[in-house]
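Novice: Show me the folded form of this:
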Amino acid sequence: MNKLTFFNQKYLGIFICALILLSHLPPLNAQSHPYQETSHRHDEYNAWAIRLAGGTGVFMGDIKQNPLLPSSTPKNEWRFGGSLGLEYRLSPVLSLKGQALFTQLAGTKTKNGNYFDATAIESTLSLGLYPVNLFSLNNGRIAEFYFFGGVGLVNFDAKLFDLTNDKLLASSGNGNGSGLTGKTLEPLLLAGFGIDFPINTHWMISFETSNKAIGNDRMDLVVSQFKYDVYNFTSLGITYRFGSKTAKRGQKQAKEPVKQDYAQSYLMPETPVTVDTVQPELPVEELPSFNKVISIPSDTLTSVEPTAEKPETIATPIESKPLKIENSGYRVQILASSRQYDLLKLSNKTRILPEDIEESQFNGLYIYVTGWFKNIEEAVVARDAIRKNHATPDAWIVYFENGQRQKTIPKSK
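Specialist: Coordinates of the predicted model:
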């Protein structure tokens, strides 16, 4: 076989780098992406995946008309197959996958006056690497890129014909081999890459391509200087992920002193809230609340004096009408999840009081929001404070109308 003249290594490297960059991009719309679960999705991922795919098998041995693509003349080299795989994620970075594949293969070479046909059934075990997860466990990307490599066994029947008269010249397997139903049995090595495009939290569209090197030169029944036959299988399929698993990665949250620009009543104490520390008999006034009056820098908004009791309105510029909880307003969203999230756990992670976190639904997801703000300037101040002091670096602003979250955020009047 020729020395891999079927592809240009320079352009393949550029293509792989582009896929890695694509897999590292955040969702196009972070507020309504179906796979989005905010910063707390970093702790969980699906452990199992079933992959079903169909694609093309392309032989790349001695009997091949074109070094890269299948040819349709003088004999059609296009062949198709399908695969079924089960994958287990050992960690967010590593996976173990078993796969069964059936594909047909063919090749023509007018120079030699030969063509061949083959059918192959392979079983493989491969180790996968998700390189981007070395840096960020973000399940909200628009794509996830991975490499894989492994070993396996292939059972095949092959026949070599004369191109001019279709006379059978040689065969392998076909009842005379040591494999399944008398097929030729050989070991193989495989290596490739794939990319998953999430549809939602469980379903993905998957593209995958891999090269398989067989341990001899008998598949096309022609011996050359290169001792091994190689074929490629490229597929497009559907993947279903299931089985929640928690990443064993500690998160260190920096505890910085709160600047005087933000009221201490707006932020939780440095010690996370637990069941023991939240006592029913404690006066409401002694605990910080997102519904209390907040102090905003004087160069941004006109400050007002906080009231002694917990009000149902928030601070607004002087002479503005107070914002009622049940009316429209800006809020800060801290989490979106396909499953309900325990408010006490969320409170412990964010250091926001459970009663100041409200659960709602939007686009089929459970969303968790806090605060009510009449204008976007107040919401920006609150969002920045939450990002910095409440272990929620990707909190964002949303807009509610009559108690329902809206898709768009209007500008302040």
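
Novice: List the strands paired with the lengthiest strand in the chain, with their directions.
Specialist: The single longest strand within the chain, with elements called by DSSP state E, is strand 144-162. Each strand paired with strand 144-162, and its direction, by DSSP bridges: strand 114-129 (antiparallel), strand 168-172 (antiparallel), strand 184-198 (antiparallel).

Novice: Tell me which residues of stretch 66-77 come out buried.
Specialist: By neighbour count with 16 or more other Cβ atoms under 10 Å, stretch 66-77 contains the buried residues 70-71, 75, 77. For the C-beta atoms, the positions are set from N, CA and C on the backbone; glycine is no exception.

Novice: just the strands paired with strand 144-162: most buried one?
Specialist: strand 114-129 (a mean of 21; mean count of other Cβ atoms under 10 Å).

Novice: about what we covered before: wait, which of the strands paired with strand 144-162 is closest to Phe156?
Specialist: strand 114-129 (4.2 Å; Cβ to Cβ).

Novice: and Leu69, that one's in a helix?
Specialist: No: Leu69: not assigned to a helix; according to DSSP: H, G, I helix; E, B strand; the rest coil it is coil.

Novice: Which residues are in contact with the closest residue to it other than its chain neighbours?
Specialist: Nearest residue to Leu69, sequence neighbours excluded (Cβ to Cβ, 6 or more residues apart in numbering): Val58, at 7.7 Å. Contacts for Val58 were tallied using Cβ atoms under 8 Å, 6 or more residues apart in numbering; they are 69-70, 77, 79, 105, 231-234.

Novice: coming back round to it: list the buried residues in the longest strand of the chain.
Specialist: 144-148, 150, 152-161.

Novice: what does stretch 50-67 give?
Specialist: In stretch 50-67, counting by 16+ other Cβ under 10 Å, buried: 51, 53, 55-65.

Novice: Would you mind measuring the gap between the ends of it?
Specialist: 33 Å (Cα to Cα, to the nearest Å).

Novice: go on, stretch 368-379?
Specialist: 15 Å.

Novice: so Gly329 sits right up against Ile376, yeah?
Specialist: No: assessed by Cβ atoms under 8 Å, Gly329 is found out of contact with Ile376, at 10.1 Å.

Novice: about what we covered before: next, format the buried residues of stretch 50-67 as CSV and append pLDDT, secondary structure and distance to Leu96.
Specialist: Putting the buried residues of stretch 50-67 into CSV (pLDDT from 0 to 100; DSSP: H, G, I helix; E, B strand; the rest coil; distance: Cβ to Cβ, whole Å) gives the following:
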residue, pLDDT, secondary structure, distance to Leu96
Arg51, 97, strand, 13
Ala53, 98, strand, 18
Gly55, 97, strand, 22
Thr56, 96, strand, 26
Gly57, 95, strand, 24
Val58, 94, strand, 26
Phe59, 93, strand, 28
Met60, 88, coil, 27
Gly61, 85, coil, 30
Asp62, 86, coil, 34
Ile63, 89, coil, 35
Lys64, 88, coil, 33
Gln65, 87, coil, 38
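
Novice: Out of those residues, which is nearest to Thr239?
Specialist: Nearest to Thr239 among the buried residues of stretch 50-67, with distances taken as Cβ to Cβ, is Arg51, at 4.8 Å.

Novice: hey, what's the residue nearest to the closest one when sequence neighbours are not counted bridged with?
Specialist: Nearest non-adjacent residue to Arg51, counting by Cβ to Cβ, 6+ apart: Gly85, 4.2 Å away. When bridges are called by DSSP bridges, Gly85 pairs up with Arg51, Gln99.

Novice: Any figure for the gap between Gly85 and Tyr231?
Specialist: 18 Å (Cβ to Cβ, to the nearest Å).

Novice: The two: which has the busier surroundings?
Specialist: Neighbour totals were compared for Gly85 and Tyr231, and Tyr231 leads with 26 against 20 (other Cβ atoms under 10 Å).

Novice: elements contacting the helix or strand harbouring the more buried one?
Specialist: Per DSSP states H and E, Tyr231 falls inside strand 230-246. Where contact means 3 or more Cβ pairs under 8 Å, 6 or more residues apart in numbering; DSSP states H and E, strand 230-246 is packed against strand 44-59, strand 79-89, strand 94-109, strand 203-214.

Novice: Mind doing that once more with 10 Å?
Specialist: Under the contact criterion of 3 or more Cβ pairs under 10 Å, 6 or more residues apart in numbering; DSSP states H and E, strand 230-246 touches strand 44-59, strand 79-89, strand 94-109, strand 114-129, strand 184-198, strand 203-214.

Novice: tilt between the second one and strand 44-59?
Specialist: What separates the directions of strand 79-89 and strand 44-59 is an angle of 160 degrees, with axes from the mean of the first three to the mean of the last three Cα atoms, to 10 degrees.

Novice: count of neighbours near Ala100?
Specialist: Neighbour number of Ala100 under other Cβ under 10 Å is 14.

Novice: Now distance to Gly173 too, for the buried residues of stretch 50-67, in JSON lines please.
Specialist: As requested, those are exported to JSON lines (distance: Cβ to Cβ, whole Å):
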{"residue": "Arg51", "distance to Gly173": "27"}
{"residue": "Ala53", "distance to Gly173": "25"}
{"residue": "Gly55", "distance to Gly173": "23"}
{"residue": "Thr56", "distance to Gly173": "22"}
{"residue": "Gly57", "distance to Gly173": "16"}
{"residue": "Val58", "distance to Gly173": "20"}
{"residue": "Phe59", "distance to Gly173": "15"}
{"residue": "Met60", "distance to Gly173": "20"}
{"residue": "Gly61", "distance to Gly173": "16"}
{"residue": "Asp62", "distance to Gly173": "18"}
{"residue": "Ile63", "distance to Gly173": "16"}
{"residue": "Lys64", "distance to Gly173": "20"}
{"residue": "Gln65", "distance to Gly173": "23"}
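
Novice: closest to Leu129 among those?
Specialist: Closest to Leu129, out of all of the buried residues of stretch 50-67 and judged by Cβ to Cβ, is Arg51, at 16.2 Å.

Novice: residue ranges with poor pLDDT in the chain?
Specialist: 1-44, 136-141, 225, 246-327, 412-413 (pLDDT under 70).

Novice: ok, the residue nearest to Arg331 when sequence neighbours are not counted - contacts?
Specialist: Once flanking residues are discounted, Arg331 sits nearest to Val369: 4.4 Å by Cβ to Cβ, 6+ apart. Contact analysis of Val369 by Cβ atoms under 10 Å, 6 or more residues apart in numbering lists 290, 330-336, 356-360, 362, 395, 397-398, 400, 405.
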